[in-house]
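*Asks:* got a predicted structure here, sequence first:
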Amino acid sequence: MFVQAKGIRALAGTSPAVATLAPRGPATAGRIDLLQAVPGLRWLLTRRWFQFAMILPNLVLFLLFLMAGTFGSPVGNRNIIIIFVWILWWFLLISVLVPFLSRAWCIVCPFPFFGEWLQRRALVDVRAVDPKKGKGGPGTIIGRNRYFGWNLRWPKSLTNIWLQNIGFLGLCTFSALFLTRPIVSVGILGALFVIGTVLAVLYRQRAFCNYVCPVSGFLGLYAMASTIEVRSKDADVCAKCKDKGCLAGGERGWGCPWLMYPSKMDRNNYCGLCMECLKTCPYANMTVNLRPFCADTRLKGYDEAWKAFIMLTLALAYSVIYLGPWGFLKDWANIAEKADFTGFLIYAASLWILALLAFPGLYYVAVWLGRRLAGADIAPAKEVFLSFVYPLVPLGLLAWVAFSLPLVLVNGSYILMVVSDPFGWGWDLFGTAQIPWTPVIPDWTPYLQVPLLLVGLAYGLKTGYGHARRLFTARGQPVRAFAPVSVLLTAITVLFLELYLG
C-alpha cells in the first residue's frame, strides 16, 4: 500500500524533501491560523477552481508580453515585456510576494500551465481512481490520481537545485541582453513555457518547478524568510491518519504536485502554495499560518547554500556595475550595446568565479576559523557550515530589495507609458503614453536602502548566533565560533552601504 513508509517514497518519486522528513509536525509558537482568522479564506482556497482562476489572467498577460516582444517596438523602455517583467514584476516579486507571501508567485505562474494540463487532462476537475481497481485504464496511477504522459521518475542524481543554480547564474550573466532587447526576453520566457511543457510530458508532476525552473530556486531559498506557511495544525492527527490524502490525492484533489509530504512539511522551500493539501485532507488539518519573519532557519544541502552565495554575489555585482563609479564595468557587462567581447568574457568569468568559488571559499575560511576559535569540533563540519550560511538568506533578500527599489522609483513612470502603448506603436489607450520620464524621490532612495540592509544584517546575525548557541554549548564558544562569520557579514553590508551612499 502507498501509505507505508517505503511506499510514500515511491509515490513521491525521488524528492529530496521527502527523503529528509521531520518526524513530527512543526511548532506553532507565534503563529496565527489565517483560515480561522480570515472569514471565507478556507472556503476560497479549497475551491477546485481557485488556482485556475489565479493562473488564467496571468497566462493571458504573459501571452500579451510575448506578442509585444515579438511584434512591438525593439526599444526596451517602449515595450511592455521589458518594463512589466524586468521592472514591475521583479520588484513586486522580490519586495512583496516573497517576503510576505512565500512562493505565492507559483500559484499564478503560467510556465507549467500547459504541461500540467497535459498531465491531468483537466483544468479544474480531479481524476480520482481506486489504485486497486483502476489499473486497467489509460495513463498512470500515482497515489489515487490518474496522470497522462510518460510519468518517468526524475533522475535521483538531479534531485537538488544545482540545475536551477547554474541556470539562474547563466541567465543573469546575460542580463543586459534581456533587459534591453524585447526579442531576447521573448526567447527566454518562451523557452520556459516549452521546457516546462516538455518536462511535464516526460516526468511526473512538477519536476520542472522543483529541479529546473531558474526562478524557483531563489523563490525557495528566500521563502524561508516569508511570513506565511502551509503546515499541519496537529501532528497527532496526521500521525493517526490512514488516508494520507495530502500526499496521495483523491476525489477532492490531486496529490501534492511538488512531490512533498505536506503533513510533515517543516520548511517553505519546496511548497508551491497550490493548496491541494487543504482540499484533500479529510480532517481539515492543513492550514495557512501567519508567522514571524525568518521562521525557517535550516539549509539542508550544499545546493541550497550555493544558491545563497550566488544570489548575494549577483546583488553585489549588479550594485557595483550599475551603481558604482566604474563605467568600464558597465560597458563590459553590456554586451548588447557595447559588443566588447573581451571585456564581457572577463566580466562573465569573474562573476562565475566569485559566485561559485571565491565567495564560498572565503565563507568557508570564516566558518573554519570560527570552529578553531571555539576550540571544539563536537558539531559536524557540514552542519556548522550550512547553519552559518543561513544568515545569507535574510541579508541576501533585503539586499535584493534594496537594489530593486531604485528600479521602480527611477523607472516607474515607464510603467504608465507602456500600459497605454504596450507595443510601442503610438497608442494612447489610457492617456498616459506621453507622460515624461519622472523619477520618484531619487534623493530619498539611499535612506530607504540603508535600513533595509541593516535589518537584513540584524536578522542574519541573530539567526547565525542562534545556530552558534545550538551547536556550541560551552561558555564563550558561541561568540568565538560565530565571530569570523559575523565580521564577514558586517563587511559585506558595509560594502553595500558604501555603494548606495557613496
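*Replies:* That came through, no problem.
*Asks:* mind checking which helix or strand of this protein has the lowest mean pLDDT?
*Replies:* helix 16-19 (a mean of 40; mean pLDDT, DSSP states H and E).
*Asks:* how much distance is there from whatever helix or strand comes next after it to the middle of the chain?
*Replies:* Per DSSP states H and E, the first helix or strand lying C-terminal to helix 16-19 is strand 32-33. The chain centroid and the centroid of strand 32-33 are separated by 23 Å, computed with C-alpha atoms, centre = their mean, to the nearest Å.
*Asks:* just stretch 355-367 next, same as before
*Replies:* 23 Å.
*Asks:* repeat for stretch 382-391
*Replies:* How far stretch 382-391 lies from its chain's middle: 20 Å, per C-alpha atoms, centre = their mean.
*Asks:* longest helix of the protein, counting residues only.
*Replies:* helix 392-420 (DSSP state H).
*Asks:* contact partners for G149?
*Replies:* Under the criterion of C-beta atoms under 8 Å, 6 or more residues apart in numbering, the neighbours of G149 are 118-119, 139-140, 200-202. C-beta coordinates here come from the backbone N, C-alpha and C atoms, glycine included.
*Asks:* give the helix, strand or coil label for it.
*Replies:* coil (DSSP: H, G, I helix; E, B strand; the rest coil).
*Asks:* how much space separates it from G272?
*Replies:* Computed as C-beta to C-beta, to the nearest Å, the G149 to G272 distance reads 19 Å.
*Asks:* and G396, by the same measure?
*Replies:* Taken as C-beta to C-beta, the span from G396 to G272 is 21 Å.
*Asks:* so E276 sits against W254, correct?
*Replies:* Yes - in this structure, E276 is within contact of W254 by C-beta atoms under 8 Å, at 5.1 Å.
*Asks:* residues contacting the residue lying closest to I346 once chain neighbours are set aside?
*Replies:* In space, and not counting its chain neighbours, I346 is closest to W332: 6.2 Å by C-beta to C-beta, 6 or more residues apart in numbering. Taking C-beta under 8 Å, 6+ apart as the criterion, W332 is in contact with 338, 340, 343-344, 346-347.
*Asks:* mind redoing it with 7 Å?
*Replies:* Each residue near W332 by C-beta atoms under 7 Å, 6 or more residues apart in numbering is listed here: 340, 343-344, 346-347.
*Asks:* now, of those residues, which are buried?
*Replies:* 340, 343-344, 347 (16 or more other C-beta atoms under 10 Å).
*Asks:* tell me which of those fall in helices.
*Replies:* With DSSP H as the criterion, helices contain 343-344, 347 from among the buried ones among the contacts of W332.
*Asks:* low-confidence stretches in the stretch 101-250 of the chain?
*Replies:* 131, 134-136 (pLDDT under 70).
*Asks:* just the strands in it please.
*Replies:* 140-142, 145-147, 228-232 (DSSP state E, counting those that start in this stretch).
*Asks:* so what touches the last one?
*Replies:* For strand 228-232, the surrounding residues in contact (C-beta under 7 Å, 6+ apart) are 25-26, 101-102, 238, 262-263, 265, 268, 271, 273, 277, 285-291.
*Asks:* can you check the second one too?
*Replies:* Contact partners of strand 145-147, identified using C-beta under 7 Å, 6+ apart, comprise 119-120, 126-129, 134, 137, 139-140, 204, 249, 254-255.
*Asks:* CSV please, covering these and showing neighbour count.
*Replies:* What follows is the contacts of strand 145-147, written out as CSV (neighbours: other C-beta atoms under 10 Å):
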residue, neighbour count
Q119, 28
R120, 22
V126, 19
R127, 20
A128, 17
V129, 19
G134, 15
G137, 11
G139, 17
T140, 16
R204, 23
G249, 28
W254, 27
G255, 28
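*Asks:* list of residues touching the helix or strand containing L386?
*Replies:* L386 belongs to helix 381-389 when assigned by DSSP H and E. Here helix 381-389 makes contact (C-beta under 7 Å, 6+ apart) with 299, 305, 308, 363-364, 367, 371, 464, 467, 471, 482, 485.
*Asks:* widest-spaced pair of these?
*Replies:* Within the contacts of helix 381-389, A308 and R371 form the most distant pair, 19.4 Å apart (C-beta to C-beta).
*Asks:* these two - which one has more neighbours?
*Replies:* Set A308 next to R371 and count neighbours by other C-beta atoms under 10 Å: A308 wins out with 26 against 22.
*Asks:* quick one: secondary structure of the more buried one?
*Replies:* helix.
*Asks:* surely it is in contact with L395?
*Replies:* No - the criterion here is C-beta atoms under 7 Å, and A308 misses it with L395 at 9.0 Å.
*Asks:* sorry, back to before: and which of the contacts of W332 is nearest I321?
*Replies:* Y347 (8.1 Å).
*Asks:* roughly how far apart are the spatially closest residue to the closest one that is not a sequence neighbour and V440?
*Replies:* Excluding its sequence neighbours, the residue lying closest to Y347 (C-beta to C-beta, 6+ apart) is W332, at 4.1 Å. Here the criterion is C-beta to C-beta. By it, W332 lies 30 Å from V440.
*Asks:* okay, now I378: neighbour count?
*Replies:* 12.
*Asks:* quick check: it is in a strand.
*Replies:* No - using three-state DSSP, the secondary structure at I378 is coil, not a strand.
*Asks:* that one: what's it in contact with?
*Replies:* Counted by C-beta under 7 Å, 6+ apart, I378 has zero contacts.
*Asks:* what about the contacts of strand 228-232, which are in helices?
*Replies:* Among the contacts of strand 228-232, the members falling in helices (DSSP H) are 101, 238, 277.
*Asks:* give the full set of residues in contact with the last one.
*Replies:* What that stands for is C277. C277 neighbours (C-beta under 7 Å, 6+ apart): 230, 246, 256, 262, 286.
*Asks:* which of these tops the neighbour count?
*Replies:* Counting neighbours by other C-beta under 10 Å, the top entry in the contacts of C277 is C256, with 31 neighbours.
*Asks:* please look at that one and K279 and confirm they touch.
*Replies:* No - counting by C-beta under 7 Å, C256 does not reach K279; the two are 11.0 Å apart.
*Asks:* neighbours of S420, just the number please.
*Replies:* 15.
*Asks:* got a list of what it touches?
*Replies:* S420 neighbours (C-beta under 7 Å, 6+ apart): 427-433.
*Asks:* check M224 too.
*Replies:* Contacts for M224 (C-beta under 7 Å, 6+ apart) come out as 267-269, 296, 393.
*Asks:* how does it look with 6 Å?
*Replies:* Contact analysis of M224 by C-beta atoms under 6 Å, 6 or more residues apart in numbering lists 268, 296, 393.
*Asks:* centroid-nearest residue for this protein?
*Replies:* Taking C-alpha atoms, centre = their mean as the criterion, L219 is the residue nearest the geometric centre of the chain, at 0.7 Å.
*Asks:* good, we can wrap up now.
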